[in-house]
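Asks: heads up, no residue letters with this:
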């Protein structure tokens, strides 16, 4: 079969012929229909993202796909050849231990224990066929007639969905999205609206992109252009939120300045929650007294719980997935985002 192979992060990426994977206990072989490229694929391949740890040998990158089961291994009972599935890159060990190891398949390990998991499952999905742990896929029942590239968009939504659920977003609440014009930031806006947010304040530095985002998503979305001055930006966010927000969602990638995240924190109402899902490269200086007196929460969230993918891929969500995929595609073109499906 054909597969993309990377000899190491920062090494050579090649499209080449490789042996077809053989199923083993607990695994499934998937014929890949479509993969969603990471928005940071280029710096990842070039080895410019220090937190990421790839296998210590050549591997196939890529972590999300839509495909059809070709074969199953022993100890796989309900998944069967011919069934359509979605893969999330997040895979957690099924061992009954307090902290099961987890990896992002085809992307990175996450600590010493997870390196052992990655050694067993080194390869991702940028190939004609992918061998995957059975527990890493979700049946795509009800989506048989949906185009694979359209269905692949679920992976763009499932990550912010996990964070919004962890942050307990409730219908009617006001949400601030910091980093709203990025790939996952714009997806966060769409997911929040689908979950019933009453108002979504979209924050960023590019006025034109924020205006496009607001134009395409409706009157419930209010743009705020950030200046980089924390108190000034916090005041602007509070005003746009009608006096303060119940929840703020930080999805800024690779930020070296905490000012926008602090502005989002300072715009919360008493009892508000700040969810961190970005990748800021510096520490976040917070006030102990501010958090205590105002009963604020800062919630770090990595990816999503195991049931997030099924929730986003339920048959009754098909209309939402389809329309949001079209809207997300329009947003990506107009906002100048470079990631591809």
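Replies: Here it is on my side, so go on. Owing to the predicted nature of the structure, the values given are computational and were not obtained by experimental measurement. Numbering: from 1, shown residues only.

Asks: tell me the secondary structure for residue 114?
Replies: helix (DSSP: H, G, I helix; E, B strand; the rest coil).

Asks: and the pLDDT at it?
Replies: pLDDT recorded at residue 114 is 95.

Asks: what's around the residue nearest to it when sequence neighbours are not counted, how many residues?
Replies: Spatially, and ignoring its direct neighbours in sequence, residue 114 is nearest to residue 101 (4.3 Å; CB to CB, 6 or more residues apart in numbering). Where C-beta positions appear, they are placed from N, C-alpha and C, glycine not excepted. Using other CB atoms under 10 Å, residue 101 has 19 other residues around it.

Asks: just to check, residue 101 is in contact with residue 117?
Replies: Yes. Using CB atoms under 8 Å, residue 101 is in contact with residue 117, at 4.9 Å.

Asks: anything in contact with each of these two?
Replies: residue 93 (CB atoms under 8 Å, 6 or more residues apart in numbering).

Asks: okay, domains of this protein per the record?
Replies: 2-152, 157-300 (automatic domain parsing).

Asks: deepest of these, which one?
Replies: Comparing the domains of the chain by mean neighbour count (mean count of other CB atoms under 10 Å), domain 157-300 ranks first with a mean of 20.

Asks: pLDDT of it, averaged?
Replies: On average, domain 157-300 scores 96.

Asks: now do the helix or strand residue 201 falls within: which elements does it pack against?
Replies: Assigned by DSSP states H and E, residue 201 belongs to strand 199-204. In terms of contacts (3 or more CB pairs under 8 Å, 6 or more residues apart in numbering; DSSP states H and E), strand 199-204 is packed against strand 174-178, helix 183-194, helix 207-217, strand 221-225, helix 230-240, helix 259-266.

Asks: now the angle between helix 207-217 and the second one, please.
Replies: Orientation check (axes from the mean of the first three to the mean of the last three CA atoms, to 10 degrees): helix 183-194 against helix 207-217 gives 30 degrees.

Asks: how about the first one?
Replies: Between the axis of strand 174-178 and that of helix 207-217 there is an angle of 140 degrees, by the same axes, to 10 degrees.

Asks: how much does strand 174-178 deviate in direction from helix 259-266?
Replies: 170 degrees.

Asks: what packs against strand 174-178?
Replies: helix 183-194, strand 199-204, strand 245-250, helix 259-266.

Asks: ok, residue 49 - contacts?
Replies: 9, 40, 43.

Asks: how about CSV for the domains of the chain, with distance to residue 311 added?
Replies: Output for the domains of the chain, formatted as CSV (distance: least, CB to CB, whole Å):
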stretch, distance to residue 311
domain 2-152, 10
domain 157-300, 7
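
Asks: ok, back up a step: out of the helices and strands packed on strand 199-204, which gets nearest to residue 83?
Replies: For the helices and strands packed on strand 199-204, the distance to residue 83 is smallest for helix 183-194, at 26.1 Å, taking CB to CB.

Asks: so what's the gap between that closest one and the chain middle?
Replies: Chain-centre distance of helix 183-194: 10 Å, with CA atoms, centre = their mean, to the nearest Å.

Asks: angle of that helix against strand 221-225?
Replies: Going by the same axes, to 10 degrees, helix 183-194 makes 150 degrees with strand 221-225.

Asks: how about residue 297: what's its closest non-neighbour residue?
Replies: Residue 297's closest residue in space is residue 273 (CB to CB, 6+ apart), at 4.5 Å.

Asks: should've said residue 92
Replies: residue 102 (4.4 Å).

Asks: next, work out how far apart that neighbour and residue 115 are.
Replies: Per CB to CB, to the nearest Å, residue 102 is found 11 Å from residue 115.

Asks: residue 274 now?
Replies: Distance from residue 274 to residue 115, by CB to CB: 31 Å.

Asks: how about residue 61?
Replies: For residue 61, the distance to residue 115 - CB to CB - is 17 Å.

Asks: cool, and residue 9?
Replies: From residue 9 to residue 115 the distance is 14 Å (CB to CB).

Asks: ditto for residue 125
Replies: 20 Å.

Asks: geometric centre of the chain: which residue is closest?
Replies: residue 159 (3.2 Å; CA atoms, centre = their mean).

Asks: now for the helix or strand containing that residue, which elements pack on it?
Replies: Residue 159 belongs to helix 154-166 when assigned by DSSP H and E. Applying 3+ CB pairs under 8 Å, 6+ apart, one finds that helix 154-166 makes contact with helix 183-194, strand 245-250, strand 268-276, helix 308-312, helix 318-335.

Asks: so what touches that helix?
Replies: By CB under 8 Å, 6+ apart, the surrounding residues in contact with helix 154-166 are 36, 64, 86, 88-89, 175, 183-184, 187-188, 190-192, 195, 249, 251, 275, 277, 299, 301, 303-305, 308-309, 311-313, 321, 324, 328.
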